[in-house]
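[1] the sequence and its predicted three-dimensional model are supplied below.
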Amino acid sequence: MPTSSWAVSAAAAADGGSGDYGGFIGWVLGLMTALGEPGVGVALFIETFFPPLPSEAVLPSAGFLAYDGQMNVWLAIAWATAGALVGGWGFYAVGRLLGRERTMRLVSRTPLLEEEDFLKAEKFFSRFGGTAVLVGRCVPVVRSFISIPAGIARMPLFKFSLYTIIGSAVWNTIWIGLGFVFGPAVEPVLSRWSSVLSNAVLAVIGLLVLWFVVVRVRRLLRARRPDGTG
């Protein structure tokens with residue numbers, strides 16, 4: 001199958017962000033084009049800790065690359081699942097090592113992480129137990145944070161890993177499969193909206209950095225006041 005203009009544009013994005021796909025989205029597409037299947041795993045690992053990069057946008061792109069002959073669809077699914085598992089281990093370790101209260105404080109003070117999202121994942125885990133890890137990997141927002149309450153509850157690592165692999169494999173197969181099956185239909189969507197999505201990501205990052213600075217400045221000012229009031 002001849003190389004499509006989409007793949008050429010993605011390769012150009014890897015070199016300098018040029019081509020039909022702009023900004024951050026173009027960088028992600030270029031990453032997968034440059035690294036092949038392992039690039040999908042890297043993108044999914046980043047998505048675990050960087051919510052503005054949704055897997056629903058990354059995985060269909062990998063499916064299209066597989067359709068276009070740029071990568072093997074099954075290896076793409078395997079690497080995506082591996083990336084999600086390693087990211088899940090990271091959050092699991094945080095919950096297990098720090099415990100609930102310290103984890104809550106860490107989440108509340110970390111840009112890009114929301115305490116509300118952590119509480120949703122915790123409630124989901126409390127309701128369904130270990131099965132929440134398997135099911136939660138297919139639930140937006142919860143899918144990234146579900147590993148934290150699993151670590152806090154000291155869920156056996158083997159069981160956690162098995163459930164994460166199964167749940168992530170199902171999620172990745174669905175979205176990569178859609179990109180593979182619909183093939184060229186993915187291209188005009190990315191061409192039209194890549195710059196918009198990239199600008200939205202940059203706007204979110206800018207607002208989060210501003211929020212982080214404001215919170216830190218207010219905390220320092222409050223600490224310097226004798227009465228400790230804000």
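    Noted; the coordinates are in hand. Note that the coordinates shown come from a computational prediction; the quantities given were computed from them, not determined experimentally. Numbers count the residues shown, from 1 in each chain.
[2] helices or strands up against the helix or strand hosting residue 57?
    Using DSSP states H and E, residue 57 sits in helix 55-67. Helix 55-67 is packed against helix 5-16, helix 23-35, helix 37-49, helix 73-109, helix 157-182, helix 186-224, with contacts defined by 3 or more CB pairs under 8 Å, 6 or more residues apart in numbering; DSSP states H and E. Bear in mind the C-beta positions are built from the backbone N, C-alpha and C, glycine included.
[3] ranking the ones you listed by mean pLDDT, which is last?
    Note on these: lowest mean pLDDT is at helix 5-16, with a mean of 40.
[4] measure the closest residue to residue 85 other than its chain neighbours to residue 155 for me?
    Once flanking residues are discounted, residue 85 sits nearest to residue 164: 5.3 Å by CB to CB, 6 or more residues apart in numbering. According to CB to CB, to the nearest Å, residue 164 and residue 155 sit 10 Å apart.
[5] joint contacts of those two?
    Overlap of the contact sets of residue 164 and residue 155 (by CB atoms under 8 Å, 6 or more residues apart in numbering) consists of residue 133.
[6] the more surrounded of these two?
    Between residue 164 and residue 155, residue 164 has the larger neighbour count (other CB atoms under 10 Å), namely 26 against 22.
[7] pretty sure that one contacts residue 137?
    Yes - taking contacts as CB atoms under 8 Å, residue 164 lies within contact range of residue 137: 6.3 Å.
[8] overlap of the contact sets of these two?
    Shared contacts of residue 164 and residue 137 (CB under 8 Å, 6+ apart): residue 84.
[9] neighbours around residue 142, how many?
    By the criterion of other CB under 10 Å, residue 142 has 19 neighbours.
[10] equivalent analysis for the one 4 residues further on, please.
    Burial measure for residue 146: 30 neighbouring residues, criterion other CB under 10 Å.
[11] how about it: what's its closest non-neighbour residue?
    Ranked by CB to CB, 6+ apart and with sequence neighbours excluded, the top spatial neighbour of residue 146 is residue 136, at 3.7 Å.
[12] how far away is that neighbour from residue 118?
    Counting by CB to CB, the gap from residue 136 to residue 118 is 13 Å.
[13] before we move on, what about residue 182?
    From residue 182 over to residue 118 the distance is 34 Å, taken as CB to CB.
[14] the more surrounded of those two?
    Counted by other CB under 10 Å, residue 182 and residue 118 do not tie: residue 118 has more neighbours, with 23 against 15.
[15] quick one, what contacts the more buried one?
    103-104, 107, 145, 148.
[16] returning to that earlier point: surely the residue nearest to residue 146 meets residue 123?
    No - here residue 136 does not reach residue 123: they are 11.0 Å apart, not a contact under CB under 8 Å.
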